[in-house]
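# Build the 3D model from these lines:
(one chain, ligands or ions: 1)
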Amino acid sequence: MEPGALVGIEQLSKTFPGQRALADVSFEIGRGEIHALVGENGSGKSTLIKVLAGFHEPDPGARMTVAGEQLKPCSPADVRRLGLRFVHQDLGLVGELSAAENVGLASGFARRGLKVDRAGQRSRAEALLARIGAEVDVEQPVSALRAVERSAVAIARALDELHGEIRLLVLDEPTAALPPAEVEALFRVLHEVLERGVSILYVSHRLEEILGLAHRVTVLRDGRCEGTFPVAGMDRARLAELIVGEEVEADAARRPRSCATEQRALSVRGIRGAVLDDVGFDVRRGEVVGVAGLSGSGREELAAVLTGAAPGQIELVDGDGRSWSGMTPKRAKRLGIALVLANRHPDAAIGQFSIRENVSLALLGSYARGGRVQGAQEREAVEGWIERLDIRPNDADRLYSNLSGGNKQKVILAKWLNTRPNVFVMDDPTSGVDIGARHGIYGLVRQQAAAGAGFVVCSSDLEDFVGVCDRVLALAGGRVVAELSGAEITESRLLQAIVRSAAGPAAASNKNQTEKDR
Ligand SMILES: Nc1ncnc2c1ncn2[C@@H]1O[C@H](COP(=O)(O)OP(=O)(O)OP(=O)(O)O)[C@@H](O)[C@H]1O
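Residues are numbered from 1 along each chain as shown. A predicted model of the protein is given here:
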């Protein structure tokens, strides 16, 4: 191991039944560095993290060291003692409890005699957050906090030194659900962590983040380590090529040509919910409408209210001019409005079902004849989607819960593509998806739009708007405060729109109107 290296991983392999997830992986993480771990969906990143965390036992022959000491496989106590801490993508916080209580749950509550010392617990949580430069109301339920505040609570909690010195913080896709303006805030927190002498292992599919944040990057491909590279001097094209293994088309994310028609796919008016406050817009057949906004802007709620998955008021007119007041999942299904959820959402799919069962679920009735499912027809349809979306492993009987995050996302998309809806309502459609698959998903959206489907794409990722949308609505405080279309849709203009709007929705709305008036 190089002098100065903090963590050494040698000859690490991990085989699941019928699947080798890691094959002879060796690399080192230095002291005081942000080390990125990248690779396509299913390349083995999460498996590697779970081996480090003591959750999976590696195949015999692996050697892992931390500061020169051997890390015993499958020993969470050893992992903790050697100073490794993990923040997984779902953050592992209890939404109904406050930040102070979540900190207490992880490392024990402050006590006065036999009673919990509430004031003491509060100040401990505040002190932990202050150390990473985050200001959070530690008494609010964490479900009421902004996404970046929840991330800060999870990081602060992981860095509680009550149980010993901390050397390495492992973050698995920490920005997957963070809107862009909050990503910057998270980076400030990570620099504070680094200042405290803690190294960071950072997993992400977002190339810009890696180029802007990491010192070195290790690339996994099909479970093998392709090498560790310095980030200085690297550009996006080179990083993408290292991940995919071949040159990635530079213009793959170029502005799409609109195929919006004059025909209405759906009109919605007067949408109101917990945050949404009188939102309305039209979607034409062939049009891809994006919905951008910070967390708490109403963006997350919109997809659910549009499809009847969450309560709310809505007036809608369908493509044939029929109007309704209110939405239920049943009505959404009848009107051909599909809700494509992000894979981290608990209702997105059924973990204990196979890829085939999940993809067929929404269409099961159509494969049935005389009370029996037409197995061959169903299998052919599912295998077609596996092929088109490059779902890995290419095995329809594979259990959904054992798939990598990005492949789960593709299965959810396949399930709804299979139903051929009139309108797709998408919630973070590329969350956790690798660069190659992202372009594949954009291609499918454009293809379906060209065939006449309308899309509402609610996303926390600005690249989705530039890559696939014809028009984008910016939400703040539950209202539409700006609208961009065509060539106006650039990451910087979008960022300006949502941040400016969040600073003062009324001001932004007025300014937008003035700009239109000019
Ligand atoms: N418990 C398991 N049982 C069987 N196979 C598994 C299990 N966990 C992971 N795999 C398989 O191991 C491979 C690596 O998966 P892993 O989740 O590590 O990929 P990843 O690089 O984290 O992908 P993503 O970027 O999509 O999250 C995949 O083919 C996956 O299907």
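# What residues does the residue of the chain most remote from its centre make contact with?
What lies farthest from the middle of the chain is G113; by CA atoms, centre = their mean that is 43.0 Å. G113 sits next to no residue when contact means CB atoms under 8 Å, 6 or more residues apart in numbering. C-beta here means a position set from N, CA and C on the backbone, and glycine is covered the same way.
# Where does S26 fall, secondary structure wise?
For S26, the host element (DSSP states H and E) is strand 19-30.
# Quick one: check that strand for contact with the ligand.
Yes - Strand 19-30 is in contact with the ligand by CB under 6 Å from any ligand atom, via 19, 21.
# Residue numbers of this protein in contact with the ligand?
Residues of the chain lying near the ligand (CB under 6 Å from any ligand atom): 16, 19, 21, 39, 41-47, 392-393, 402-407, 432.
# quick one: strands adjacent to the strand holding S26?
The pairing partners recorded for strand 19-30 under DSSP bridges are strand 5-16 (antiparallel).
# Check the average confidence over the partner strand, would you?
For strand 5-16, mean pLDDT rounds to 96.
# quick one: buried residues of that strand?
Within strand 5-16, the residues scored as buried using 16 or more other CB atoms under 10 Å are 5-9, 12-14.
# again with stretch 383-401
Within stretch 383-401, the residues that count as buried by 16+ other CB under 10 Å are 383, 385-386, 389, 391-393, 396, 398, 400.
# now the stretch 401-518 of the chain, which segments are flagged as low pLDDT?
500-518 (pLDDT under 70).
# For the stretch 301-450 of the chain, which segments count as strands?
Along the stretch 301-450 of the chain, the segments classed as strands by DSSP state E, counting those that start in this stretch run 313-318, 323-325, 337-340, 368-369, 372-373, 423-427.
# quick revisit: hmm, which of the residues of the chain next to the ligand are the buried ones?
Among those, those classed as buried by 16+ other CB under 10 Å are 21, 39, 41-47, 392-393, 402-407, 432.
# So which of those residues are in helices?
Using DSSP state H, the members of these that fall within helices are 45-47, 405-407.
# May I have stretch 207-217 exported as PDB, CA atoms only?
The C-alpha atoms that make up stretch 207-217 are tabulated as PDB, following Å, rounded to 0.1, in the frame of the first residue of the first chain:
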ATOM      1  CA  LEU A 207     -20.100  13.400 -14.200                       C
ATOM      2  CA  GLU A 208     -20.000  17.200 -13.600                       C
ATOM      3  CA  GLU A 209     -20.100  16.500  -9.900                       C
ATOM      4  CA  ILE A 210     -17.100  14.200 -10.000                       C
ATOM      5  CA  LEU A 211     -15.100  16.500 -12.200                       C
ATOM      6  CA  GLY A 212     -15.800  19.400  -9.800                       C
ATOM      7  CA  LEU A 213     -15.500  17.600  -6.500                       C
ATOM      8  CA  ALA A 214     -13.200  14.600  -6.600                       C
ATOM      9  CA  HIS A 215      -9.400  14.300  -6.400                       C
ATOM     10  CA  ARG A 216      -9.200  10.800  -7.900                       C
ATOM     11  CA  VAL A 217     -11.700   8.500  -9.500                       C
END
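# Local confidence estimate at V231?
The model's pLDDT for V231 equals 97.
# What distance do you get for it to the ligand?
Going from V231 to the ligand by CB to the nearest ligand atom, to the nearest Å gives 19 Å.
# who's in contact with that residue?
So V231 contacts 36, 210-211, 214-217 (CB under 8 Å, 6+ apart).
# Once you drop chain neighbours, what's closest to H56?
Excluding the flanking residues, the one nearest H56 by CB to CB, 6 or more residues apart in numbering is K50, at 4.6 Å.
# returning to that earlier point: for the contacts of V231, which one is nearest A303?
When those are compared for distance to A303 (CB to CB), I210 wins out at 28.3 Å.
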